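> Have a look at this prediction, sequence included:
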Amino acid sequence: MGNVLARFMGVISTAVLARLLTVSQFGQLDFLQTLATLGVVFFSLQTEMGLLRLYHTARDQDRGVLLTTHLVFLTAVGLVVVPLTWLAASPLARLLVPAEAARMRPEWIAPLILSGFWFNHVFVVLRTSRRAKSAVIFSSLVTLAQIILAVPLALWWGVAGVLLARVLAETLGAGVIVGLYRREYVLRFSLAWLRRLVRFSLPLLPNVAAQGILGNMTRYLLIAFWGAASLGLFSVAFRVSLIIGIFVGALKTAWLPYAFSREAEGDGVAEQRPLYVTYLKVMTLLTLGVMVFAVDIVRIVAGSDYEAAAPVTGLLCASILFQGSIYFLNTPLLSREKTVPIMIASLVGGLFAAGFSVLLIPRWGLPAAAAIQMVSNLTVNLLLYLWLRWKLQIRFPVMWLVVICLGVSLLTWLAAPWLTATSFWVRLGIGLVVALGGGIILQGELKRLGFAGGWRGLVRGLLRSERA
C-alpha cells in the first residue's frame, strides 16, 4: 500500500510538473532523471539486491554489520564517483545532445546519484525487515516532499529546481530513517560481507545495464532526432502507464522478500503459479482499461498539450505488464542464487532494444520507441521461461502471457487512434463492458486464492488482518 500511495503521488507530481514546465522542459527533465537512475544502480553494483537476499541468511548478530557495511560502501563509492560525474556531465551533454545541452542542467546528475544511493539503501532496509507502516510513511513523505519543494523551485529555476527538490527530499528522508533505526546498525565494516554482497550482485549488473540501454537508447534517440518535446510526450505516456505500474511496483516491493523468506522456510516457489495466473489476468484487464480511456487520462494528468501521447500509452502499459512478469520468472533463479541466466536474458533483451531503436526510432519516432520497449520485455520473458522449463523444471503458464498480452498489445496499437478520436460516451460504454467482464473474472480469481465470497471475502480478510 505504501508503494501504491507513493506512485499515485508520483502521478500527482506529473500533473503538477506538466503544468509548470513546457513539453520540451519535461523531456529534458525525464532524460536527466533517467541518466541519474542508471548511474545509481550501475555504480552501486546492484548491491541492494544482495542486501535484500543476504539479510535473510545472516544471523541476528550479523545483520547490523551487514547494514553498516552496505551503507559505508555506497557512501565511499559516491565520494569517488560523484565528483567525476560532475566534471564529465557537461562535456558529454554538449557532445551527445548538442541541440539540447545548452538548455539542460546535466551537472545535477552527480548529486542525484549520491542521494539515490542513500535512498535505495534505506528503502531496501525497510523492505527487508517488513516494516509495512514505516515503508508507507517513508515512501509517501519523500514523494510528497518532492512535490512540495518542486513547485516553488520549478518556478524559480525550471528543470534545475525540480532536480534540486528531488535531491533534498531523498537526502532528508534517508537521514531520518537511518537516525530512527540507528540501533540496528553496528559500527563495524566487514570485508567478508562486502565480498558476499558483490559476489551475489555483480552478475545482476548486466541486467540493470541492459535495462538502462533500453531506457536510455530510446530516450536518447528521441531527444537527438525528434527533440525534447517528443521525449516529453513519451515521458508523459510512460508515466500514465504507471497507473498500472503501481501494482507492478507493489508486487516488486512485496514479492521478493516474501518469496525469499518462504524459500528459507522450505516452502519453495510452489505457490507462485496461482499468483502468476492472477497477475496476468488483472494486468491484462487494467491495460485494456487504460487503453480505452488513454486520451482522457492524459488530459486530466498532463493537460491538452500532451494529447499526442495517448495513442502509445496502451503499448507502454503492455510493456509494464511484461516487466512485472519478469519479477515472477526471476524469483526461482534468485532464490537458488543462479543469477547468470538473468544476466544473459537481460543482455539479449537490451541488445535487441538497442539495435531496433537505432534502426526504427530515427524514422518513426514515438510509436517505434513504445513498441520496442514492449517487445524487448517480452523477449526477456521468453528466454527466462525457456531456462526455467528445461533447467529447473518449473512450468509457468507462459503461453497465456504470450497470447493474451500480444493480443492486447496489437489491440492497443490498432484501436488507440480510433479511441482517441471517438466520442467520450462511446469510450465510456466500452469501458463499462471491460469493467463488467473484469469484475466477473476477478471474482473467480479471488475465490481461487482462498477469499471465500470473492470481493466481500477480500474486504473481510483485510479487515481481520488489520485488527490482528
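Sure, I can see it. Everything numeric in this text was worked out from a predicted model, so none of it was measured.
> Show me where the stretch 101-250 of the chain has its helices.
Assigned helices in the stretch 101-250 of the chain, in chain order: 109-128, 132-157, 159-180, 191-201, 205-225, 228-264 (criterion: DSSP state H, counting those that start in this stretch).
> for the ones you listed, which one ends up most surrounded?
Between the helices of the stretch 101-250 of the chain, helix 109-128 has the highest mean count of neighbours, a mean of 23, where neighbours are mean count of other CB atoms under 10 Å. For the C-beta atoms, the positions are set from N, CA and C on the backbone; glycine is no exception.
> Could you pull out the helices in the stretch 301-450 of the chain for me?
Shown for the stretch 301-450 of the chain, the helices assigned by DSSP H, counting those that start in this stretch span residues 310-335, 340-364, 366-387, 398-421, 424-448.
> quick one on the thing from earlier: reformat the helices of the stretch 101-250 of the chain as JSON lines; add mean pLDDT.
Formatted as JSON lines, the helices of the stretch 101-250 of the chain follow (pLDDT from 0 to 100):
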{"stretch": "helix 109-128", "mean pLDDT": "88"}
{"stretch": "helix 132-157", "mean pLDDT": "82"}
{"stretch": "helix 159-180", "mean pLDDT": "91"}
{"stretch": "helix 191-201", "mean pLDDT": "89"}
{"stretch": "helix 205-225", "mean pLDDT": "77"}
{"stretch": "helix 228-264", "mean pLDDT": "77"}
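> Of all these, which one is nearest residue 370?
Smallest distance to residue 370 across these (CB to CB): 6.9 Å, for helix 228-264.
> hmm, back to that, tell me which of the helices of the stretch 301-450 of the chain sits nearest to residue 88.
Closest of the helices of the stretch 301-450 of the chain to residue 88 is helix 340-364, at 21.7 Å (criterion: CB to CB).
> now that closest one: mean pLDDT?
If you average the pLDDT over helix 340-364, you get 84.
> what angle sits between that helix and helix 366-387?
What separates the directions of helix 340-364 and helix 366-387 is an angle of 160 degrees, with axes from the mean of the first three to the mean of the last three CA atoms, to 10 degrees.
> so how far is helix 340-364 off the chain centroid?
18 Å (CA atoms, centre = their mean, to the nearest Å).
> List just the one of the helices of the stretch 301-450 of the chain that sits closest to residue 218.
The closest of the helices of the stretch 301-450 of the chain to residue 218 is helix 366-387. By CB to CB, the value is 4.3 Å.
> okay, the closest one in PDB with CA atoms only?
Output in PDB follows, covering the C-alpha atoms of helix 366-387 (Å, rounded to 0.1, in the frame of the first residue of the first chain):
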ATOM      1  CA  LEU A 366       7.400   7.900 -30.700                       C
ATOM      2  CA  PRO A 367       5.400   4.800 -31.800                       C
ATOM      3  CA  ALA A 368       8.600   2.900 -32.500                       C
ATOM      4  CA  ALA A 369      10.000   3.700 -29.100                       C
ATOM      5  CA  ALA A 370       6.900   2.400 -27.300                       C
ATOM      6  CA  ALA A 371       6.700  -0.800 -29.400                       C
ATOM      7  CA  ILE A 372      10.400  -1.600 -28.900                       C
ATOM      8  CA  GLN A 373      10.100  -1.300 -25.200                       C
ATOM      9  CA  MET A 374       7.200  -3.700 -25.100                       C
ATOM     10  CA  VAL A 375       8.800  -6.300 -27.400                       C
ATOM     11  CA  SER A 376      12.100  -6.200 -25.500                       C
ATOM     12  CA  ASN A 377      10.400  -7.100 -22.200                       C
ATOM     13  CA  LEU A 378       8.600  -9.900 -24.000                       C
ATOM     14  CA  THR A 379      11.900 -11.300 -25.200                       C
ATOM     15  CA  VAL A 380      13.300 -11.400 -21.700                       C
ATOM     16  CA  ASN A 381      10.200 -13.200 -20.500                       C
ATOM     17  CA  LEU A 382      10.600 -15.900 -23.200                       C
ATOM     18  CA  LEU A 383      14.300 -16.500 -22.500                       C
ATOM     19  CA  LEU A 384      13.800 -16.800 -18.800                       C
ATOM     20  CA  TYR A 385      10.900 -19.200 -19.200                       C
ATOM     21  CA  LEU A 386      12.900 -21.500 -21.500                       C
ATOM     22  CA  TRP A 387      15.700 -21.700 -18.900                       C
END
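> which helices and strands does it pack with?
Identification of packing neighbours for helix 366-387 by 3 or more CB pairs under 8 Å, 6 or more residues apart in numbering; DSSP states H and E yields helix 205-225, helix 228-264, helix 310-335, helix 340-364, helix 398-421.
> and among the helices of the stretch 301-450 of the chain, the most buried is which?
Most buried of the helices of the stretch 301-450 of the chain by mean neighbour count (mean count of other CB under 10 Å) is helix 310-335; its value is a mean of 25.
> From residue 332, how far out is residue 97?
For residue 97, the distance to residue 332 equals 41 Å [CB to CB, to the nearest Å].
> circling back to that earlier point, among the helices and strands packed on helix 366-387, which comes closest to residue 63?
Set against residue 63 and scored by CB to CB, the helices and strands packed on helix 366-387 come closest in helix 228-264, at 13.8 Å.
> next helix or strand past that closest one?
Moving toward the C-terminus from helix 228-264, the next helix or strand (DSSP states H and E) is helix 272-292.
> what comes up buried for that next one?
Within helix 272-292, the residues that qualify as buried are 272, 275-292, counting by 16 or more other CB atoms under 10 Å.
> Off-centre distance for it?
17 Å.
> Okay, angle between it and helix 310-335 too, please.
Computed by the same axes, to 10 degrees, the angle between helix 272-292 and helix 310-335 is 170 degrees.
> by contact count, what packs against helix 272-292?
helix 228-264, helix 310-335, helix 398-421, helix 424-448.
> what's the model's confidence in it, averaged?
Averaging pLDDT along helix 272-292 yields 76.
> swap in stretch 73-89?
91.
> what's the spacing between residue 440 and residue 201?
The span separating residue 440 from residue 201 equals 44 Å under the rule CB to CB.
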